[in-house]
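1. sequence unknown, structure follows:
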């Protein structure tokens, strides 16, 4: 993917974490996780103008930071603090369709207060990973004039920080949530109605992530459905949504425009990166990709939904 | 939709039923239901060469039969027997995503033994609606040399008539089942693996219906994903899968060929007809359609998944 002068800067705010994941293939400990880890890595395939703001603890292996830097990501905003790195312990059901949180140790993440550098404040495209909406609001206040801010959230914040979440939604362009979160946020089960309810809270676009049923984009242009690749070997769904976000936002930064047409392509790129992520643990599915592999899966996705016009 | 000499004959075997449906909009009684009712009606928009084999009881209102005949369907194979029409009583959850059967009164359906006329035995395209696989096998024995036989089934037959079902699968071209049925049949949760498991039982194509997540086709050509239209007003999901099957098979009969390209278009036509069906009770959503309305929704479906090629 060649350099292009139109590239825009992408700022990623989120968590960098260590995950212990129990599932059908046994317990895996201290896996690199966290929203920013997946977002930045997925985005790095499309633009080298990616900067991360996150916090890590004293126990965090520097090799992960160095590896992200080797992908061309500006890691100067990944701050190391005394204490433990954010640690998530989860267990997946045997069919990988549901998971429960066994333990969450916030560690240094408990006092995370993102501080943007002057360059970061001028970012053109911003992805607010799933963190406390009060922190997302704090980041929004530090931004100068971004062309696009997208955010993720989760059921926890919908339940306990609804006011802050709603305030945040009033200040961003795109919210990415999963189907259950959209339902929880709006009280509407029907996804088209839930999407309308979310849009009424402020954002101009809502992206509803549906796992292996793909993702739906709703905005003033109507609806767009990005398929998910039917994969035979799904190993670990952790980070799928963040890899989707990273691919999407990274491609937008690369393309340098935010036209409806480019956004559709970006949704598919997101679905491509999500499909790679779930094939391995941690960010392993995002390792060793290149333009040809991304292009090949994008083309497979196009073939998956290709059909001719109807002529009755 | 104009007459075309290439039209092939479509034979539909299934149930004609009366449904009592309880759901968010209250209890509705004696609604026209049954797989054949939806399949034939949906197919009738594409070809007038549709013939139905089914059984009705003494209580069945002749107006329903006359209405199907007025759609151009050959109803001479809908036989009236002494006794009660097959009656299904079901209750949907408030969000319409799950349903339970409260009562099933088989009535005349208990002794249904489909007998094909000479013309019906020569049918080129055959849709075996969800009935006892032993009966589906009996129909298969009466067919001469159909170009395409597709069948539906349900969890009940997978559980209690697996041997007959597997025998039936060995003799048809296409099986249409929902995701849960594919999992139950194969013991594989992953849909790509479940599809592979179903194909190993004999059919050359498997179509996995996923409700508002669309439908997946798997065969030797790979996979095809038909989206579902994100609808704001879903009233009654009953018959969605049968309307999908009717649109798909009716379009194939109309198109007169079974090329991979035509089958993809037919999947979308099926999705279009399913989307109309769920907007009203019974077959009401399939009333008063015309070529322009079908074309418009097909075009909306194409727009829903339209995206450009990627150029990195």
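-> In hand now; what should we look at? Since the structure is predicted, the reported quantities are computational estimates derived from the model, not experimental observations.
2. For the rest of this, base every contact and every neighbour count on C-alpha atoms.
-> Fine.
3. Quick check: the residue in the stretch 151-300 of chain A that chain B sits nearest to vs residue B:208, distance?
-> Among all residues of the stretch 151-300 of chain A, residue A:224 sits closest to chain B, at 4.7 Å; criterion: Cα to the nearest Cα. Distance from residue A:224 to residue B:208, counting by Cα to Cα, to the nearest Å: 22 Å.
4. Do a quick rundown of the helices in chain A.
-> Per DSSP state H, chain A carries helices over the ranges A:35-43, A:62-70, A:118-121, A:133-142, A:155-160, A:162-169, A:179-186, A:191-199, A:240-255, A:260-277, A:291-304.
5. Serialize these to JSON lines and add fields for distance to chain B and mean pLDDT.
-> Shown next, in JSON lines, are the helices of chain A (distance: least, Cα to the nearest Cα, whole Å; pLDDT from 0 to 100):
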{"stretch": "helix A:35-43", "distance to chain B": "13", "mean pLDDT": "98"}
{"stretch": "helix A:62-70", "distance to chain B": "21", "mean pLDDT": "98"}
{"stretch": "helix A:118-121", "distance to chain B": "26", "mean pLDDT": "97"}
{"stretch": "helix A:133-142", "distance to chain B": "29", "mean pLDDT": "98"}
{"stretch": "helix A:155-160", "distance to chain B": "19", "mean pLDDT": "96"}
{"stretch": "helix A:162-169", "distance to chain B": "22", "mean pLDDT": "98"}
{"stretch": "helix A:179-186", "distance to chain B": "11", "mean pLDDT": "97"}
{"stretch": "helix A:191-199", "distance to chain B": "5", "mean pLDDT": "98"}
{"stretch": "helix A:240-255", "distance to chain B": "9", "mean pLDDT": "98"}
{"stretch": "helix A:260-277", "distance to chain B": "6", "mean pLDDT": "97"}
{"stretch": "helix A:291-304", "distance to chain B": "5", "mean pLDDT": "98"}
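6. Take those helices and write them to CSV, including mean neighbour count.
-> CSV is the format used below for those (neighbours: other Cα atoms under 10 Å in any protein chain shown):
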stretch, mean neighbour count
helix A:35-43, 30
helix A:62-70, 14
helix A:118-121, 16
helix A:133-142, 19
helix A:155-160, 15
helix A:162-169, 18
helix A:179-186, 20
helix A:191-199, 21
helix A:240-255, 30
helix A:260-277, 26
helix A:291-304, 17
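7. quick one, which of the ones you listed is nearest to residue B:258?
-> Evaluated over these, closeness to residue B:258 peaks at helix A:291-304, with 18.4 Å, by Cα to Cα.
8. Tell me what angle the closest one forms with helix A:260-277.
-> 110 degrees (axes from the mean of the first three to the mean of the last three Cα atoms, to 10 degrees).
9. burial of residue A:152, as a residue count?
-> 22 (other Cα atoms under 10 Å in any protein chain shown).
10. Make sure it is actually in contact with residue A:126.
-> No - counting by Cα atoms under 8 Å, residue A:152 stays clear of residue A:126, with 11.4 Å between them.
11. residues touching the residue nearest in space to the middle of chain A, list them.
-> Residue closest to the mean C-alpha point of chain A, counted by Cα atoms, centre = their mean, is residue A:242 at 2.6 Å. Applying Cα atoms under 8 Å, 6 or more residues apart in numbering or on different chains to residue A:242 gives the contacts A:35-36, A:38-39, A:129, A:274.
12. Which two of the residues you listed have the greatest separation?
-> Pairwise over the contacts of residue A:242, using Cα to Cα, the maximum falls at A:129 and A:274, 15.2 Å.
13. returning to what we had before: what touches both of residue A:152 and residue A:126?
-> With Cα under 8 Å, 6+ apart, residue A:152 and residue A:126 have no common neighbours.
14. right, and residue A:218 touches residue A:209 too?
-> No - applying Cα under 8 Å as the test, residue A:218 and residue A:209 come out as separate, 11.5 Å apart.
15. The contacts of residue A:242 into a markdown table, with extra columns for distance to residue B:156?
-> Shown next, in a markdown table, are those (distance: Cα to Cα, whole Å):
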| residue | distance to residue B:156 |
| --- | --- |
| A:35 | 43 |
| A:36 | 46 |
| A:38 | 43 |
| A:39 | 44 |
| A:129 | 45 |
| A:274 | 36 |
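16. ok, those vs residue A:186, which is closest?
-> Ranked by distance to residue A:186 (Cα to Cα), these are led by residue A:129 at 20.6 Å.
17. and the residue lying closest to the closest one once chain neighbours are set aside, what is it in contact with?
-> In this structure, residue A:129 finds its nearest non-sequential neighbour in residue A:14, 4.5 Å apart by Cα to Cα, 6 or more residues apart in numbering or on different chains. Residues in contact with residue A:14, defined by Cα under 8 Å, 6+ apart, are A:34-36, A:52-54, A:128-131.
18. With that, I have no additional questions.
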